[in-house]
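Colleague: coords below, sequence missing:
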């Protein structure tokens, strides 16, 4: 509940403050957002499984974001940044989908 | 996990007992999964569930090999491996659990342990609501913070994508965009060149047509003046020939005409008194002085002496003296041409008539020549104007 509230507050803050993304952060922010989304979906699923744990979520959230950013950074250094970020997005998208499927099974049993 | 000591606690640890096996099926996590289990075994609550877990560890391993663990899940469980605390490992392992509905049927040893979750699972919404209950712990606040950060970052990214456009694009993408744009601009530029060519062609054609039309109109005007089908005005002279004795014959008038033409007369008209066919010429000449007959003199004009000697037939019109030549041209030149020794005036004088030249600033020639279209001659394209 608090988390959902905080999410809403964050969205509102983003809309109101309308911040500009720092140039150095621009390539990583979208990937980090997708990774964080993946972590949130995983947490939702764990919650439905009854095994949600705050620390796990926090750690997996941060680790997801950092690893995704690291992969993109590495790709940029290697000159395959766009391809690697595409790959990361694909992998995270698959994870999000599978998590969403599990959540769906829990909620609708279908 | 630590915050609710009552009901959910027994449900949670028991559920992981099945995932623990699934975790064991993962080759990488098998060893690490075992250790926390032993650690949790020291706890009194977990110790009771410890035995079935170890016995069932062999069975679900077989079941989990039937259903290969998805790589996505293994990533998550691998992430949890380094964590020292046993409950976390259990939690992560539980996330790995493939589809919860299948497990209870497969592990008979866990049937007592599985029943509470089986009862819990059908009402996932209820569980969700229960989990959604606000709990004020530090971890929860951290989770909230992260979620808020996610929302903030999400909106920020969406905004930057909506507003920034190219500024956030990568170099390769920018090069692509640049290539596309330059190719398009080249294409458009060539299109502009084509259109301009077409435009200049069209306007040039129109201009040529216009020029040709103007030239043709000018020529038509010139030819009309020469042919005598339009009136003309300009500087010129008036040559009045008084011939009381009617000595002037057609050849004298013709000579006068030729002399005027030689002097550069561009339009010539001769006026004479009308001759009534039956009555005396003098009476008629006197009677109608105010209505002289005018004949435009053109290339095809002719002079014939009238049969009764009363006058001259000019282009089919019988004229009687006094004759009056109106000629448009350079007045001094024509005046001199008339007055040269042995010229027109001398000839007239020798014939017993008198001629009088008056230079005029404005001569108006209104008599028209009726044009008869050529019967046989047709315009032929000259070689120069192909």
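Modeller: That came through fine. The structure presented is a predicted model; accordingly, all values stated were derived computationally and were not measured. Numbers count the residues shown, from 1 in each chain, chains lettered A, B, ... in the order given.
Colleague: Tell me how far the worst-scoring helix or strand of chain A on mean pLDDT lies from the chain's centre.
Modeller: When the helices and strands of chain A are compared on mean pLDDT, DSSP states H and E, helix A:2-17 comes out lowest with a mean of 84. Average the C-alpha atoms of helix A:2-17, do the same for its chain, and the two points are 16 Å apart (C-alpha atoms, centre = their mean, to the nearest Å).
Colleague: what's the angle between the helix or strand following that helix and helix A:2-17?
Modeller: Helices and strands here follow DSSP states H and E; after helix A:2-17, the next one along the chain is helix A:29-49. When axes from the mean of the first three to the mean of the last three C-alpha atoms, to 10 degrees is applied, the directions of helix A:29-49 and helix A:2-17 differ by 160 degrees.
Colleague: near chain B, anything from helix A:29-49?
Modeller: Yes: contact between helix A:29-49 and chain B, assessed by C-beta under 8 Å from any C-beta of the partner chain, occurs at A:29-30, A:32-33, A:36-37, A:40, A:42-43, A:45-49. For the C-beta atoms, the positions are set from N, CA and C on the backbone; glycine is no exception.
Colleague: What is the nearest of those to residue B:187?
Modeller: Distance to residue B:187 across the residues of helix A:29-49 next to chain B (C-beta to C-beta) is lowest for residue A:30, with 32.8 Å.
Colleague: and which of the residues of helix A:29-49 next to chain B is nearest residue B:302?
Modeller: Relative to residue B:302, the closest of the residues of helix A:29-49 next to chain B is residue A:30; by C-beta to C-beta it sits at 104.0 Å.
Colleague: Next up, phi/psi of the closest residue to the closest one other than its chain neighbours, please.
Modeller: Counting by C-beta to C-beta, 6 or more residues apart in numbering or on different chains, residue A:30 lies nearest to residue B:157, which is 5.4 Å off, once chain neighbours are set aside. Dihedral pair for residue B:157: phi -60, psi -40, per degrees, to the nearest 10.
Colleague: How many residues are close by residue B:157?
Modeller: Using other C-beta atoms under 10 Å in any protein chain shown, the number of residues around residue B:157 comes to 21.
Colleague: dump the residue contacts of it.
Modeller: With contacts defined as C-beta atoms under 8 Å, 6 or more residues apart in numbering or on different chains, residue B:157 is in contact with A:21, A:29-30, A:33.
Colleague: Could you check how far the residue nearest the centre of chain A is from residue A:61?
Modeller: For chain A, residue A:36 is the residue whose C-alpha lies nearest the centre (C-alpha atoms, centre = their mean; 1.8 Å). When distances are taken as C-beta to C-beta, to the nearest Å, residue A:36 and residue A:61 turn out to be 6 Å apart.
Colleague: what bits of the stretch 51-200 of chain B have low per-residue confidence?
Modeller: Per-residue confidence of the stretch 51-200 of chain B (counting by pLDDT under 70) places the weak regions at B:51-136, B:162-169.
Colleague: can you pull the contacts of the residue nearest to residue A:74 when sequence neighbours are not counted?
Modeller: Spatially, and ignoring its direct neighbours in sequence, residue A:74 is nearest to residue A:84 (7.1 Å; C-beta to C-beta, 6+ apart). Residues in contact with residue A:84 (C-beta under 8 Å, 6+ apart) are A:71-72, A:74-75, A:78.
Colleague: can you give me phi and psi for the closest residue to the residue nearest to the centre of chain A other than its chain neighbours?
Modeller: Distance criterion C-beta to C-beta, 6+ apart; nearest residue to residue A:36, sequence neighbours excluded, is residue B:150 at 4.5 Å. Summarising the backbone geometry of residue B:150 under the convention degrees, to the nearest 10, its torsions are phi -60, psi -50.
Colleague: one step back: contacts only, for the residue nearest to the centre of chain A.
Modeller: Residues in contact with residue A:36 (C-beta under 8 Å, 6+ apart) are A:61, A:64-65, B:146, B:149-150, B:153.
Colleague: same question, residue B:304
Modeller: Residues touching residue B:304, when contacts are defined by C-beta under 8 Å, 6+ apart, comprise B:250, B:312-313.
Colleague: just these now: which is nearest chain A?
Modeller: Distance to chain A, by C-beta to the nearest C-beta, is smallest for residue B:313 among the contacts of residue B:304, at 105.4 Å.
Colleague: Assumed the closest one was part of a helix.
Modeller: No: according to DSSP: H, G, I helix; E, B strand; the rest coil, the state of residue B:313 is strand, so it is not within a helix.
Colleague: Which residue is the nearest non-sequential neighbour of it?
Modeller: Skipping the residues right next to it in sequence, residue B:313 comes nearest to residue B:304 by C-beta to C-beta, 6+ apart, at 4.4 Å.
Colleague: What's the mean pLDDT across stretch B:293-310?
Modeller: In this model, stretch B:293-310 carries a mean pLDDT of 84.
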